[in-house]
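[1] I'd like to go over a predicted model; first the sequence, then the structure.
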Amino acid sequence: GAGVSQSPSNKVTEKGKDVELRCDPISGHTALYWYRQSLGQGLEFLIYFQGNSAPDKSGLPSDRFSAERTGGSVSTLTIQRTQQEDSAVYLCASSLAGLWKGEQPQHFGDGTRLSIL
Amino acid sequence: AQKITQTQPGMFVQEKEAVTLDCTYDTSDQSYGLFWYKQPSSGEMIFLIYQGSYDEQNATEGRYSLNFQKARKSANLVISASQLGDSAMYFCAMREGRGGGYQKVTFGTGTKLQVIP
């Protein structure tokens, strides 16, 4: 079956440009997460969507970052006026959620490698 | 405050030996879940094992076991009979459940494990 799909897989852009990163979660997964991973580092939480609830944006590093999730499925992470420190791999994950059901691991996409020149 | 702490940036283990990767966590929730993921150099995130806060027995999955000590808030991963293919980054993660389906997942900084032939 289809896993989590992210596009583009690689993005190179100039400082100051806006970028949009896309995530297609697994069908039926109501929880969707964005993380940022700098080279050799851990996963930094950015934002979490859960069904129709207001997203948890507590991890967004600045107001240049925003994300939306349309129709409870596809999500777009937008970074405005990119800076060199935004260079990283952006990972999207989805999972089943709702009533506590124990083991529900996140399924990750392959990530978008963003390079700001 | 750091919610998930992995104090070992890097570890070495001899092939066929067992190794323990440390993870401590901090939460005030009664209901939560703990995960371990493996990230090889290829970058994919691979789910290994899960432990629920109410699970009385330590989780096991093949060569992976989780040493869960709730009172100490630790969830160490034990890999038995290490193999060369176990060389990777290992991440501990916690899902906090606050009811209503809220299930934010945060990650530790990771431990880089290298298996020596």
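    Structure's in. What do you need?
[2] the longest strand in chain B is where?
    strand B:88-97 (DSSP state E).
[3] Now do that one: which elements does it pack against?
    strand B:4-5, strand B:32-39, strand B:74-79, strand B:103-107, strand B:111-116 (3 or more Cβ pairs under 8 Å, 6 or more residues apart in numbering or on different chains; DSSP states H and E). Heads up, the C-betas are built off the backbone N, CA and C, glycines and all.
[4] just the CA coordinates of the next helix or strand after the second one, formatted as PDB?
    If I follow you right, that is strand B:32-39. Per DSSP states H and E, strand B:32-39 leads on to strand B:46-52 as the next helix or strand towards the C-terminus. The C-alpha trace of strand B:46-52 is given here as PDB (Å, rounded to 0.1, in the frame of the first residue of the first chain):
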ATOM      1  CA  ILE B  46      12.000   2.500  11.000                       C
ATOM      2  CA  PHE B  47       9.700   1.800  13.900                       C
ATOM      3  CA  LEU B  48      11.200  -0.700  16.300                       C
ATOM      4  CA  ILE B  49       9.300  -1.100  19.500                       C
ATOM      5  CA  TYR B  50       6.500   0.500  21.600                       C
ATOM      6  CA  GLN B  51       5.800   0.600  25.400                       C
ATOM      7  CA  GLY B  52       2.500   2.000  26.800                       C
END
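[5] and strand B:46-52, is it in reach of chain A?
    Yes. Using Cβ under 8 Å from any Cβ of the partner chain, strand B:46-52 comes into contact with chain A via B:47, B:50, B:52.
[6] Show me the beta-bridge partners of the second one.
    Spelled out, that is B:Tyr50. Beta-bridge pairing of B:Tyr50 under DSSP bridges involves B:Phe35.
[7] Hmm, it is touching B:Tyr37, no?
    No. Look at B:Tyr50 against B:Tyr37 with Cβ atoms under 8 Å: they stay out of range, at 10.3 Å.
[8] what's the residue positioned nearest the centre of chain A in contact with, if anything?
    Closest to where the C-alpha atoms of chain A average out (Cα atoms, centre = their mean) is A:Trp34, at 2.8 Å. Each residue near A:Trp34 by Cβ atoms under 8 Å, 6 or more residues apart in numbering or on different chains is listed here: A:23, A:46-48, A:67, A:75, A:77, A:90-92.
[9] hmm, back to that, can you put the residues of strand B:46-52 next to chain A in a markdown table and add pLDDT and distance to A:Gly71?
    Converted to a markdown table, the residues of strand B:46-52 next to chain A look like this (pLDDT from 0 to 100; distance: Cβ to Cβ, whole Å):
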| residue | pLDDT | distance to A:Gly71 |
| --- | --- | --- |
| B:Phe47 | 93 | 27 |
| B:Tyr50 | 92 | 29 |
| B:Gly52 | 89 | 31 |
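[10] okay if I get those as CSV plus neighbour count?
    Listed next are these as CSV, based on neighbours: other Cβ atoms under 10 Å in any protein chain shown:
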residue, neighbour count
B:Phe47, 16
B:Tyr50, 19
B:Gly52, 18
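[11] quick one: average pLDDT of the longest strand of chain B?
    The average pLDDT for strand B:88-97 rounds to 91.
[12] got the angle between that strand and strand B:32-39?
    Orientation check (axes from the mean of the first three to the mean of the last three Cα atoms, to 10 degrees): strand B:88-97 against strand B:32-39 gives 160 degrees.
[13] Just give the strands next to strand B:88-97 in its sheet, each with its orientation.
    Applying DSSP bridges, strand B:88-97 is found paired with strand B:32-39 (antiparallel), strand B:103-107 (antiparallel), strand B:111-116 (antiparallel).
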